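# Predicted structure and sequence below. I'll ask about it afterward.
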Amino acid sequence: NAGVTQTPKFQVLKTGQSMTLQCAQDMNHEYMSWYRQDPGMGLRLIHYSVGAGITDQGEVPNGYNVSRSTTEDFPLRLLSAAPSQTSVYFCASRPPGRKAYNEQFFGPGTRLTVL
Amino acid sequence: KNQVEQSPQSLIILEGKNCTLQCNYTVSPFSNLRWYKQDTGRGPVSLTIMTFSENTKSNGRYTATLDADTKQSSLHITASQLSDSASYICVVSLTGGFKTIFGAGTRLFVKA
């Protein structure tokens, strides 16, 4: 299994540009989520999905959209990039059942810089 | 407010030495506490998990403790190695769903 994969690894955008961060997992996990990691702060939840066709907002959803058309893929869209969205973005997935107890598996991250 | 606080923010130790990282939390209702290791440029990887009834859990040279009464946890690293250089993140999950609270992490540097 490849686990959780993310592309691209690095990205530089200009203010106002849009882009999609890709995330895929091959473990048949129903739960997937997107986090951002900023210096001196814990990971913060942007959006999450409990299964194909179901998404919900996390702690910091503004400026981001998600969709979940398949179990495997969970892309994150930046609609109009702002310098405040400069961060490292992590996608994670979690196996079904036992909700809070199950381990989250993280991708390698995407480092995004918005100029 | 649900919070997870970790100390110290960063730590430098010599190879072969032991160290202890701290995590204090105010999270309710508590389900479990995990410690993650995050190597530079990588995603976090789980080291240990403890529920309310568990007060010690080991994974090789890593030993985590939990005091649910005082809401404190520690991660003890024995005989440190250069490969232990990483960030260590304390994560507390709430019961009833998927909500998790992440600490900001402790950055550990192990020097030869």
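Great, that's in hand. Residues are numbered from 1 along each chain as shown, chains lettered A, B, ... in the order given.
# pretty sure residue B:5 is in contact with residue B:71, am I right?
No: the criterion here is C-beta atoms under 8 Å, and residue B:5 misses it with residue B:71 at 10.3 Å. Bear in mind the C-beta positions are built from the backbone N, C-alpha and C, glycine included.
# So which of these two has more stuff around it?
Comparing residue B:5 with residue B:71 by other C-beta atoms under 10 Å in any protein chain shown, the one with more neighbours is residue B:71, at 17 against 13.
# doesn't residue B:26 make contact with the more buried one?
Yes: using C-beta under 8 Å, residue B:71 is in contact with residue B:26, at 6.4 Å.
# which neighbours do residue B:5 and residue B:71 share?
B:24-25 (C-beta atoms under 8 Å, 6 or more residues apart in numbering or on different chains).
# quick one: buried residues of the helix or strand hosting residue B:66?
Assigned by DSSP states H and E, residue B:66 belongs to strand B:62-67. By 16 or more other C-beta atoms under 10 Å in any protein chain shown, the buried positions in strand B:62-67 come out as B:62-66.
# any idea of the mean pLDDT for the helix or strand following that strand?
Counting by DSSP H and E, the element after strand B:62-67 in chain order, helix or strand, is strand B:72-77. Averaging pLDDT along strand B:72-77 yields 98.
# which neighbours does strand B:72-77 have in its sheet, and in what orientation?
strand B:19-26 (antiparallel), strand B:62-67 (antiparallel) (DSSP bridges).
# Look at residue A:84 and tell me its secondary structure.
helix (DSSP: H, G, I helix; E, B strand; the rest coil).
# What residues does chain B have near chain A?
By the rule C-beta under 8 Å from any C-beta of the partner chain, the part of chain B lying against chain A is B:4, B:9, B:31-32, B:34, B:41-46, B:49, B:51, B:89, B:93-105.
# so what's the closest residue to residue B:72 other than its chain neighbours bridging to?
Nearest residue to residue B:72, sequence neighbours excluded (C-beta to C-beta, 6 or more residues apart in numbering or on different chains): residue B:24, at 5.3 Å. Residue B:24 has these beta-bridge partners by DSSP bridges: residue B:5, residue B:72.
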